[in-house]
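J.: Here is my input; please provide its structure:
(3 chains)
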Amino acid sequence: MKPKGKKLPASYYASHDVNFLAKDLLGKFLCTHIDGIYTCGKIVETEAYRGPDDKAAHSYNNRRTPRTEVMYRKGGVAYIYFCYGIHHMMNVVTAPQDHPHAVLIRALEPAEGIDAMAERRKMEASDIRLTKGPGALCVALGLTKDRTGTSLYKTSTSIWIENRGINYDDSEICAGKRIGIDNAGDAVDWPWRYFVKGSKYVSAKRGC
DNA sequence: TGTCGGATCAGCT
DNA sequence: GCTGATCCGACAC
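T.: Sure, this is the predicted structure:
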């Protein structure tokens, strides 16, 4: 599948600054080519998880388990895991090897393959909730936990992120507390959730 | 081997 | 707004 925009290279994901990347990923396009179906959406909401220091992250205190192992790899792979018995969550692993940082993709604005998304979601294509929320967008794009570890930059990959020339200014971005991490001590209050101001596709507007 | 809690969503009120 | 669905991973025993 030929990207419409410019596929982000391995070097993009190498930054140590996971908060910079979480913000910078807004306006980029997350695309998948799974089961022969091409789908693509603009990223409008992310959260940063900064590995060892961040009590809300699975890799807090450098915890290593078979599940979190992929977070320790070199940036530029997908970390997809299963939660609440129902939902999958899509994260982008960042930073060099052994720095377990990741950006959770929380919401997209559907761009291409909208009919396929609707079919996977068993919803009308016009439904605003198609890719609103991390569990929802994984279904829409066909992502499941067995894709975890997939490279986002290799030419043959089934999951990648494109730059199509959209860059948001700080004044167009909101930062707020992260969602659903009530048990994470001080980290609960860190404003590491970023979203595009005014987007209908953002999962929760709080913090702006 | 068993228990407990979780980075949620949709549908109904 | 509230609630039920539903199951895997981590850790204690």
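J.: DNA strand B contacts on chain A?
T.: Neighbours of DNA strand B within chain A, by C-beta under 7 Å from any atom of the strand: A:47, A:49, A:56-58, A:79, A:83-87, A:89, A:91, A:102, A:104, A:121, A:123, A:129, A:132-136, A:178-184, A:203. (C-beta placed from N, C-alpha, C; glycine too.)
J.: Mind doing that once more with 6 Å?
T.: Counting by C-beta under 6 Å from any atom of the strand, chain A comes close to DNA strand B at A:49, A:56-58, A:83-87, A:89, A:91, A:102, A:104, A:121, A:129, A:133-136, A:179-181, A:183, A:203.
J.: Let's see the PyMOL selection covering just the buried ones among those.
T.: Here is the PyMOL command that selects the buried residues among the residues of chain A next to DNA strand B (16 or more other C-beta atoms under 10 Å):
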select buried, chain A and resi 49+56+57+58+89+91+102+104+121+133+134+135+136+179+181+203
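J.: out of the residues of chain A next to DNA strand B, which touch DNA strand C?
T.: Checking the residues of chain A next to DNA strand B against DNA strand C (C-beta under 6 Å from any atom of the strand), the matches are A:Tyr84, A:Gly85, A:Ile86.
J.: Which single one of these is nearest to DNA strand C?
T.: When those are compared for distance to DNA strand C (C-beta to the nearest atom of the strand), A:Gly85 wins out at 2.9 Å.
J.: What helix or strand is that closest one located in?
T.: A:Gly85 is part of no helix or strand, with elements assigned from DSSP states H and E.
J.: where along chain A do the strands fall?
T.: With DSSP state E as the criterion, chain A has strands at A:6-7, A:29-34, A:37-50, A:78-83, A:87-94, A:101-112, A:159-163, A:173-176, A:193-196.
J.: Output those strands as CSV; include the columns distance to A:Thr65 and mean pLDDT.
T.: Output for the strands of chain A, formatted as CSV (distance: least, C-beta to C-beta, whole Å; pLDDT from 0 to 100):
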stretch, distance to A:Thr65, mean pLDDT
strand A:6-7, 31, 96
strand A:29-34, 26, 96
strand A:37-50, 15, 96
strand A:78-83, 11, 94
strand A:87-94, 15, 96
strand A:101-112, 15, 96
strand A:159-163, 23, 97
strand A:173-176, 29, 93
strand A:193-196, 25, 95
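J.: So which of those strands is nearest A:Glu69?
T.: Ranking the strands of chain A by proximity to A:Glu69 (C-beta to C-beta) places strand A:78-83 first, at 9.6 Å.
J.: neighbouring contacts of the closest one?
T.: A:58, A:67, A:70-71, A:88-93, A:102, A:135, A:138, A:143-145, A:147-150, A:152, A:159 (C-beta atoms under 8 Å, 6 or more residues apart in numbering).
J.: now do stretch A:108-115
T.: The contact list for stretch A:108-115 (C-beta under 8 Å, 6+ apart) reads A:4, A:29-31, A:37-44, A:117, A:125, A:130-131, A:137, A:140-141, A:199, A:201.
J.: For chain A, give me the ranges with low pLDDT.
T.: A:1 (pLDDT under 70).
J.: Return the residues of it in contact with DNA strand C.
T.: Contact residues, chain A versus DNA strand C (C-beta under 6 Å from any atom of the strand): A:Arg63, A:Thr65, A:Pro66, A:Arg67, A:Thr68, A:Phe82, A:Tyr84, A:Gly85, A:Ile86.
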